[in-house]
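1. The sequence and its predicted three-dimensional model are supplied below.
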Amino acid sequence: GAGVSQSPSNKVTEKGKDVELRCDPISGHTALYWYRQSLGQGLEFLIYFQGNSAPDKSGLPSDRFSAERTGGSVSTLTIQRTQQEDSAVYLCASSPRQGAGSPLHFGNGTRLTVT
Amino acid sequence: DQQVKQNSPSLSVQEGRISILNCDYTNSMFDYFLWYKKYPAEGPTFLISISSIKDKNEDGRFTVFLNKSAKHLSLHIVPSQPGDSAVYFCAASLYNFNKFYFGSGTKLNVKP
């Protein structure tokens, strides 16, 4: 497809379990971002990739959160030992180049519910 | 500390009238600003942007105004249409930097 693809679209998990969220960016986009939106909140920055490296991980809430990107394409966000406060919509976005006024293109998100 | 703020969580406007959505920011170094539109169960879609060298950018029914001295930007939609009903997010960044800061959104309802 032409857009950013995220899977799964919905995930319900029990507290304490690990989850993996996947993002397929637009082909050729070198920059990839993860944001999350908790209920009633704005978009919270988590991590940014340029190629396969992550120059800015400052938004990851705790060491239970990690992300990787392989081949300059697909990215996986992993949350270990999930907690109820991790429940949110996790949004992935990509852009064609670093900075220079390049807007983000978002996927439809993964709605994570931790019970 | 939220660097981009949208103080109105919701706005209701009659079809055909003007919608004005507001956004304030605290970091005077921000020099690139964007508006995104979000429908339920979809990701935000890019609407319009403005760099700090301009004070106005227009695209069809959508105009963004930037007041750097007040650290304020606004999005004008005229005329408003029912299909414009969505949540609107403003965002800001440094032009050659990669972190975008988003506001909490304003839910616009355009009544037919």
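-> Yep, it's here. Residues are numbered from 1 along each chain as shown, chains lettered A, B, ... in the order given.
2. Which positions within stretch A:63-76 qualify as buried?
-> A:65, A:67, A:69, A:72, A:73, A:75 (16 or more other C-beta atoms under 10 Å in any protein chain shown). Yep, even glycine has a C-beta here, placed from its N, CA and C like the rest.
3. Quickly note the distance from the first one to chain B.
-> Put plainly, it is residue A:65. According to C-beta to the nearest C-beta, to the nearest Å, residue A:65 stands 17 Å off from chain B.
4. The third one too?
-> With distances defined as C-beta to the nearest C-beta, the gap from residue A:69 to chain B amounts to 14 Å.
5. Flag the shaky bits of chain A, pLDDT-wise.
-> Applying pLDDT under 70 to chain A flags residues A:1, A:98-101.
6. give me that answer again for 80
-> A:1-2, A:40, A:97-102 (pLDDT under 80).
7. Among the buried residues of stretch A:63-76, pick out the one closest to residue B:56, please.
-> Checking the buried residues of stretch A:63-76 against residue B:56 by C-beta to C-beta gives residue A:75 as the nearest, at 36.4 Å.
8. If that closest one is in a bridge, with which residues?
-> residue A:23, residue A:69 (DSSP bridges).
9. Give me the most central residue, chain A.
-> residue A:34 (3.2 Å; C-alpha atoms, centre = their mean).
10. buried ones in stretch A:85-96?
-> Applying 16+ other C-beta under 10 Å to stretch A:85-96 flags A:86, A:87, A:88, A:89, A:90, A:91, A:92, A:93, A:94, A:95 as buried.
11. State the pair within the residues you listed that is farthest apart.
-> A:87 and A:95, at 27.2 Å, using C-beta to C-beta across the buried residues of stretch A:85-96.
12. strands paired with the host helix or strand of residue B:64, and their directions?
-> Assessed by DSSP states H and E, residue B:64 sits inside strand B:62-67. With DSSP bridges as the test, strand B:62-67 is paired with strand B:56-59 (antiparallel), strand B:72-77 (antiparallel).
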